[in-house]
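Participant: got a structure for you, letters missing:
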């Protein structure tokens, strides 16, 4: 799965844009931008990963920051 698809999947599994915004302490338009750009900012990746109980991992969401699966 590519980063954009992982981002969309994670946001939907987490309960949608509004819930992610609330938990991450950002605006709904900010999360909408994450979704449309297909990328969650590094500072919020771990929050989203926790929200989805690792169904989508940090490695899938930001391999540029965390490396491949398992940090490789």
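Facilitator: Ah, there it is. Note that the structure is a prediction, hence the values are computed from the model and not measured.
Participant: hey, where'd the strands end up in this protein?
Facilitator: Counting by DSSP state E, the chain forms no strands at all.
Participant: okay, now the unreliable bits of it?
Facilitator: Under the criterion pLDDT under 70, the flagged ranges of the chain are 69-72.
Participant: and the contacts of stretch 58-66?
Facilitator: 1, 3, 6-7, 10, 39-40, 42, 45-46, 48-49, 67-71 (CB atoms under 8 Å, 6 or more residues apart in numbering). To be clear about C-beta, it is placed using only N, CA and C from the backbone, and glycine gets the same treatment.
Participant: what do you get for stretch 21-29?
Facilitator: With CB under 8 Å, 6+ apart, stretch 21-29 has contacts from 14, 17-18, 30-31, 44, 47-48, 51.
Participant: which positions in stretch 58-72 come out as buried?
Facilitator: Neighbour-count burial for stretch 58-72 flags 58-63, 66 (criterion: 16 or more other CB atoms under 10 Å).
Participant: tabulate those residues (a markdown table), appending distance to residue 22.
Facilitator: Formatted as a markdown table, the buried residues of stretch 58-72 follow (distance: CB to CB, whole Å):
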| residue | distance to residue 22 |
| --- | --- |
| 58 | 20 |
| 59 | 25 |
| 60 | 23 |
| 61 | 19 |
| 62 | 21 |
| 63 | 27 |
| 66 | 24 |
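Participant: and for residue 9, nearest residue in space, chain neighbours not counted?
Facilitator: residue 56 (5.5 Å; CB to CB, 6 or more residues apart in numbering).
Participant: you'd agree that neighbour is up against residue 49?
Facilitator: Yes - counting by CB atoms under 8 Å, residue 56 sits close enough to residue 49 to count as a contact (6.9 Å).
Participant: now do the contacts for residue 48.
Facilitator: By CB under 8 Å, 6+ apart, the contact list for residue 48 reads 10-11, 14, 20, 24, 40, 56, 61.
Participant: so of those residues, which two are at opposite extremes in space?
Facilitator: Longest distance between any two of the contacts of residue 48 is 14.8 Å, between 24 and 56; criterion CB to CB.
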